[in-house]
Structures are given as structure tokens and as C-alpha cells.
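1. task: produce atomic coordinates for the following.
(one chain, ligands or ions: 1)
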Amino acid sequence: MNGHDEWLRSFPKAELHVHLDGSVKPETLRELAERQGASLPEGDLRGRMTVDPDCGSLTEYLSKFSFVLPFLQTAEALERVAYETAEQAADDGCLYVEVRFAPLLHTERGLTAEEAVKHTVNGLRRAERELGITARAIVIAMRHEGFERNREAIEAAARYLGDGVCAVDLAGDEAGYPPELHQRLFDLASERKLPVTIHAGEAGGAANVRYAVERLGAVRIGHGVRIKEDPEVIELVRSRRIPLEMCPLSNIQTKAADGWERYPIRDYMDRGLIVTVNTDNRTVSGTTMTNEYKLLAEKLGFGFDELAAVSLNGIDAAFADEPLKAELRIRMKRKLAEIGVALKE
Ligand SMILES: [Zn+2]
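-> Alright, predicted model coming up:
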């Protein structure tokens, strides 16, 4: 890292969209496998866990997760990778992180969905105590699962709401499983007073964003890159002040956006949308928040004031109560002043 990268790393940030199973460190995976009596191929595992630069589709991107999931089936593993995901965020300048994961993907060796939530939350709590970052969990329901299985995840989230869990999400194969399939599930989430964010407008079109907002109760949208396909959906997202959790490098890797020239983040900001920037998956995408900020500066000419606006949007859009947000805003502004970034008021 050169001096400029080091400075960007100290730039205060908030990360709202990062997947636990996409952010496992290769050396941790090897240790987990050894402890679990399994063997992994010799050599650096990073190549097997990170997409190629010419990654073809969301489906190919998602295939990277099947390599790590078999080793994330125990209390110890979940606690550790949760801690380390928050640790990576803290090392990357984040004051606040929301780490998301699908409990149903961690029940292959006997854990219940609720136990998976408990152990993940425990790891995040330890990171809060030791590292000074504020870390919350978002519980994901899976698109390919039916109502009964997904209900276990939603009920587990409800039990930990306000106690480590801050929201629920829907993720997986967007093109294969449209949001309409999960109406009943998100009616339940609403009954349980769970805040909702939904992956939409990534592998599917703008109509999925409309459905997520109007019918599934989404108050934030994961990605939303493709809302540019429908001006009415842009207006819906703007008028309802729905923050977008954009993940620039990931969006380009999965072809949700057609290269940097056509990446719509600045256009969305100019139109008054609330845009946040996130990694999506630190290991699978091979990125960090610092790298995302660097890419925005290098590829799209973002100035420091614009990066500061993105950081502050991350606090405004957080699934956190107002007193916590107010405190985080103060800390973020203080840190920006410390590193010499002047804010436009
Ligand atoms: Zn995601």
C-alpha cells in the first residue's frame, strides 16, 4: 500500500452490505478445515475463493460460496468468521458494519437457524468489545427455499432483533426466483417488525426493485444497479428515500453493470438518490472498502467531498437507532476533519 492508499484506508466509512461467507480469509478457511479433520488442496486458496477478473455471471460468482460453506457449519467457525469480517471492516476504516448471512446455509451439521444466528452475533459482539467497531447482523432468507424453511430464518432474526440482528434480506438467484415467490415470508417479517432490505435490480430488472419496495416492504435495496432501466422506479426510490447498497466492483464482476463507463452511481447521486458503497464480498470479489473508494476516485473521478458524502450516507442508511447514528455521524465528521477533508454544508 502506498501513502495515498494508506490515507484512503483511514478515511472513515460505513459498510452496509457484506456477506459473511464471501469474506472468509483463505488462511482461516485452511485452519477451520484442519480442525474439522478435512483436507483442502495445497497452496494458496485465494484463487479458489476469488472470482477471475472476467467472471461471467452472477451464477458463476455465487458458485465460489460452495467452496467455503462446508467449513462454516459449527459454532466455532461462525463465531470466528463473524469476528474476522468485522475485524476486516475495522482495519479498512469502517466505524460501522452490517454483516449479512443466511442461517439456513449453516445448518448442514446440526446447528439450528437460531443457533447459527446466536454464534454469528457472538462473533460480532466480540469484535465490538475488542475493536471499537459497531457491528450488526442482517439475516438472509434464500430465494430458492420455500416458506417453511425460510420462516425459521425470519423467526430466528425476530428473536435477536435489537440484540445483534438489525434486519432481514432476501438473496440468491434473482433471475431464477422472482420476489413474488416470497410475499408470505415478508408479510411475516413485517408482522415481526423486522426492517427489510432486498437484493434486487442486480441479476433481475427494475421491476424487482418496485416489487421489493411496494410489496415486500423493503426500505433499502441491495445493489439496485438496474433501476436505470425504468425512470418510474428511479422516481419511486428517490421519492421514498430508499438507500441503495451499491457494490461497484462486484456489480461489474457479475455484469449487473456493463463496465465502469456505464456504472450509474454518479448519475444516481446527481438525481438525489441515497447511494452507499460496499464490498458485497471481501474475498469472493477480492476487494476492500478502501479499494472500492479508490476505484471510485480513479475510474469515476470521485472527489473527497463525494466520498465523504457516500460515507455519511452509510450512516444515514444504517439499520440503527437515531442516538447511535448521531454518535456515529459525530465520530465520522471528526475523523474527516482529522484527515483534512472539508465537508460542504
Ligand atoms: Zn449481496
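2. what residues of the lowest-mean-pLDDT helix or strand in the chain count as buried?
-> Ranked by mean pLDDT, DSSP states H and E, the weakest helix or strand in the chain is helix 58-63, scoring a mean of 76. For helix 58-63, the neighbour count (16 or more other Cβ atoms under 10 Å) marks Leu58, Tyr61, Leu62 as buried. To be clear about C-beta, it is placed using only N, CA and C from the backbone, and glycine gets the same treatment.
3. how near is Gly301 to Leu312?
-> Distance check for Gly301 against Leu312: by Cβ to Cβ, to the nearest Å, it reads 19 Å.
4. tabulate the buried residues of helix 58-63 (JSON lines), appending distance to Val225.
-> Listed next are these as JSON lines, based on distance: Cβ to Cβ, whole Å:
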{"residue": "Leu58", "distance to Val225": "11"}
{"residue": "Tyr61", "distance to Val225": "14"}
{"residue": "Leu62", "distance to Val225": "16"}
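5. contacts for the top helix by length along the chain?
-> Taking DSSP state H as the criterion, the chain has its longest helix at helix 113-131. By Cβ atoms under 8 Å, 6 or more residues apart in numbering, the residues outside helix 113-131 that reach it are 20, 75, 78-84, 86-87, 90, 99, 101, 103-104, 106-107, 111, 133-137, 139, 152-153, 155-157, 159-160, 163-165.
6. secondary structure element for the residue nearest to Thr120 when sequence neighbours are not counted?
-> Of all residues not flanking Thr120 in the chain, Ala82 sits nearest, at 4.5 Å (Cβ to Cβ, 6 or more residues apart in numbering). Counting by DSSP states H and E, the element that carries Ala82 is helix 75-91.
7. what comes up buried for that helix?
-> For helix 75-91, by 16+ other Cβ under 10 Å, it's 75, 77-90.
8. output it as PDB, nothing but the C-alphas.
-> Extracted as PDB, the C-alpha positions of helix 75-91 are listed here (Å, rounded to 0.1, in the frame of the first residue of the first chain):
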ATOM      1  CA  ALA A  75     -20.400 -22.700  16.400                       C
ATOM      2  CA  GLU A  76     -16.700 -22.000  16.500                       C
ATOM      3  CA  ALA A  77     -16.400 -21.400  12.700                       C
ATOM      4  CA  LEU A  78     -19.300 -19.000  12.600                       C
ATOM      5  CA  GLU A  79     -18.100 -17.100  15.700                       C
ATOM      6  CA  ARG A  80     -14.700 -16.700  14.200                       C
ATOM      7  CA  VAL A  81     -15.600 -15.700  10.600                       C
ATOM      8  CA  ALA A  82     -18.200 -13.200  12.000                       C
ATOM      9  CA  TYR A  83     -15.500 -11.700  14.200                       C
ATOM     10  CA  GLU A  84     -13.000 -11.600  11.300                       C
ATOM     11  CA  THR A  85     -15.400 -10.000   8.900                       C
ATOM     12  CA  ALA A  86     -16.000  -7.200  11.400                       C
ATOM     13  CA  GLU A  87     -12.200  -7.100  12.000                       C
ATOM     14  CA  GLN A  88     -11.500  -6.600   8.300                       C
ATOM     15  CA  ALA A  89     -14.100  -3.800   8.200                       C
ATOM     16  CA  ALA A  90     -12.400  -2.100  11.200                       C
ATOM     17  CA  ASP A  91      -9.000  -2.400   9.600                       C
END
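9. packing partners of it?
-> Contact analysis of helix 75-91 by 3 or more Cβ pairs under 8 Å, 6 or more residues apart in numbering; DSSP states H and E lists strand 13-19, helix 26-35, strand 94-101, helix 113-131, strand 134-142 as its packing neighbours.
10. adding distance to Arg220, write those out as JSON lines.
-> Below are those laid out as JSON lines (distance: least, Cβ to Cβ, whole Å):
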{"stretch": "strand 13-19", "distance to Arg220": "7"}
{"stretch": "helix 26-35", "distance to Arg220": "29"}
{"stretch": "strand 94-101", "distance to Arg220": "10"}
{"stretch": "helix 113-131", "distance to Arg220": "19"}
{"stretch": "strand 134-142", "distance to Arg220": "10"}
